[in-house]
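*Asks:* Need coordinates for the following:
(one chain, ligands or ions: 1)
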Amino acid sequence: MSQSAEVQHEVQHYDVVIVGGGLVGTTLACALAVELGEAYRIAVIEAREPSPLPKIDENSVFEPRVSALTQASRQLLTNIGVWPKMMQQRFGLMKTMCVWDADGTGRIQFHGEDLGQSELGFIVENRITVACLFARLNDFSNIELITPASIAELSAPQADGSRLVALDNGRQLRTSLVVGADGAMSKVRDLAAIELQEKAYGQSAIVTTVKTEKPHQHTAWQRFLNSGPLAFLPLRTTAGDDHFCSIVWSLDDEQVDDIMALDDGAFKIALERAFESTLGSVEQVAPRFKFPLRQRHAECYVKEGVALVGDAAHTIHPLAGQGVNLGMLDVAVLTEELKRAQQRELPAGHPSILKRYQRRRRGDNALMMGTMRGFKLLFGEGALPVRWLRNTGMSCLNDLEPLKNRVAANAMGLSGDLPALARPDYFNPSF
Ligand SMILES: Cc1cc2nc3c(=O)[nH]c(=O)nc-3n(C[C@H](O)[C@H](O)[C@H](O)COP(=O)(O)OP(=O)(O)OC[C@H]3O[C@@H](n4cnc5c(N)ncnc54)[C@H](O)[C@@H]3O)c2cc1C
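*Replies:* Next up, the predicted model:
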């Protein structure tokens, strides 16, 4: 990988220009380099200077932003050669998931072993995943990382279908495909005039790390309160201490500022009460951060010479920890389609290729968003018949092992119509 931020005015040509070097954009760059080979020229434009791989020891503080990664995401990161490096760092194992209703007796448990897996998923700090992805970019001579730099302008499609990308450092790039991987506030989406459907969930998430009296038992715990879901996600220090959890506490907007304003002592008590002291007392709490939650969905994922992936295309409620996992599936599918373009000697931005990408991803993502919205509404409802229905539904599903395991396998990326890069039987002879 070559790296440069100097001002150059000569127009340079790339097969793909990826704007945004977050979790999804860097995964896409690595996936394209692995699948399409050294001749394929890729530029990654990232606004922030990347941080080096953190040096982690048993006393290192956990980063507040973590992601629950599914088996499909693990598989993709394995197939592009990033996962082994991540596993040398620090991660939590999610062997079991326990979900229950604060307003009744409904409870459901999913176990990795029921699906033939030792774990359902993995909890990894975002900074570790991103740093390992950046380290992997270095292995590919056909990827140019341009940072710190932002996209300033995007031309209309040229006669040959290509687009010109002007950066804020004066550089100009020409490409057949610009990929917007620049997150929820995507500038690529705006410059390409792609409309956005946007709805507030009326909730914000408080994110922090806590130490609890009892070990977490490698379980992701989620209690559904009328005011929003509260999740404790299992972390583990390098010394194997399993008393730390990452908290995602979603709360209605009317309540969140009051909870944020509590001092640490009062916050610990409020958290313990909301969690029914399931892991005993909350002994330590790290600084808290607040994230307003909005559902966003791009009207379309593609336009002439432009495609959107990850949060640039969709953001959803974190209650099922699916956001980045959906982005990873966007990457796997877009890579598959760009490989098809290469085999047919079509340019990366060929309309038939982009349309196939959109067809394969937008419906699936819309379904997941609808499901999350349904959950949020269902559990926010205090009326007795609804409470009875959801508690009975949860208990029945818990007793119906085959159906329950099918639901879990789908959510964890172990079944369904998975793209090749996200499957365990992936084989690349050149890798
Ligand atoms: C509280 C919370 C908890 C979550 N938990 C989970 C979870 O457990 N599991 C899960 O799957 N998902 C989870 N998510 C969602 C997940 O964090 C996001 O889906 C994921 O970060 C999206 O990655 P991305 O690369 O698409 O975007 P981002 O992470 O936003 O990255 C975008 C990148 O683009 C760069 N950029 C922005 N604009 C420009 C520009 N103009 N030019 C150049 N570069 C630019 C930014 O610097 C950044 O590096 C959670 C979200 C929240 C809010």
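*Asks:* what stretches of the stretch 251-400 of the chain score poorly on pLDDT?
*Replies:* 376, 378-391, 393-394, 396-397 (pLDDT under 70).
*Asks:* Restricting to C-alpha, output the longest strand along the chain in CSV.
*Replies:* In the chain, assigned by DSSP state E, the strand with the most residues is strand 196-212. Output of strand 196-212 as CSV, limited to C-alpha atoms (Å, rounded to 0.1, in the frame of the first residue of the first chain):
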residue,chain,number,x,y,z
LEU,A,196,-32.6,9.3,2.3
GLN,A,197,-35.5,8.0,4.3
GLU,A,198,-34.9,9.0,7.8
LYS,A,199,-36.9,8.4,11.1
ALA,A,200,-35.8,9.1,14.6
TYR,A,201,-36.3,6.1,17.0
GLY,A,202,-37.0,8.6,19.7
GLN,A,203,-34.2,7.0,21.7
SER,A,204,-30.5,7.5,22.4
ALA,A,205,-28.0,4.9,23.5
ILE,A,206,-25.7,5.3,26.5
VAL,A,207,-22.5,3.4,25.9
THR,A,208,-19.9,2.6,28.6
THR,A,209,-17.9,-0.3,30.1
VAL,A,210,-18.6,-1.7,33.6
LYS,A,211,-17.1,-4.2,36.0
THR,A,212,-19.6,-6.5,37.7
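*Asks:* where does the stretch 301-431 of the chain come near the ligand, residue by residue?
*Replies:* Neighbours of the ligand within the stretch 301-431 of the chain, by C-beta under 6 Å from any ligand atom: 310-311, 318, 321-325, 327. Heads up, the C-betas are built off the backbone N, CA and C, glycines and all.
*Asks:* what about 8 Å?
*Replies:* Residues of the stretch 301-431 of the chain that fall close to the ligand, judged by C-beta under 8 Å from any ligand atom: 309-312, 315-316, 318, 321-328.
*Asks:* now do the same end-to-end measure for stretch 92-104.
*Replies:* 30 Å (C-alpha to C-alpha, to the nearest Å).
*Asks:* Give me the most central residue, this structure.
*Replies:* Taking C-alpha atoms, centre = their mean, the centroid of the chain lies closest to residue 324, which sits 1.1 Å from it.
*Asks:* Backbone dihedrals for that one, please?
*Replies:* Residue 324 has phi and psi values of phi -70, psi -30 when expressed as degrees, to the nearest 10.
*Asks:* May I ask you to confirm that it is in contact with residue 66?
*Replies:* No - taking contacts as C-beta atoms under 8 Å, residue 324 lies outside contact range of residue 66: 10.4 Å.
*Asks:* quick one: the helices in the stretch 51-200 of the chain?
*Replies:* In the stretch 51-200 of the chain, the helices defined using DSSP state H, counting those that start in this stretch lie at 71-79, 83-87, 126-137, 187-191.
*Asks:* Residue 10: what's it in contact with?
*Replies:* Residue 10 makes contact with residue 172 under the criterion C-beta atoms under 8 Å, 6 or more residues apart in numbering.
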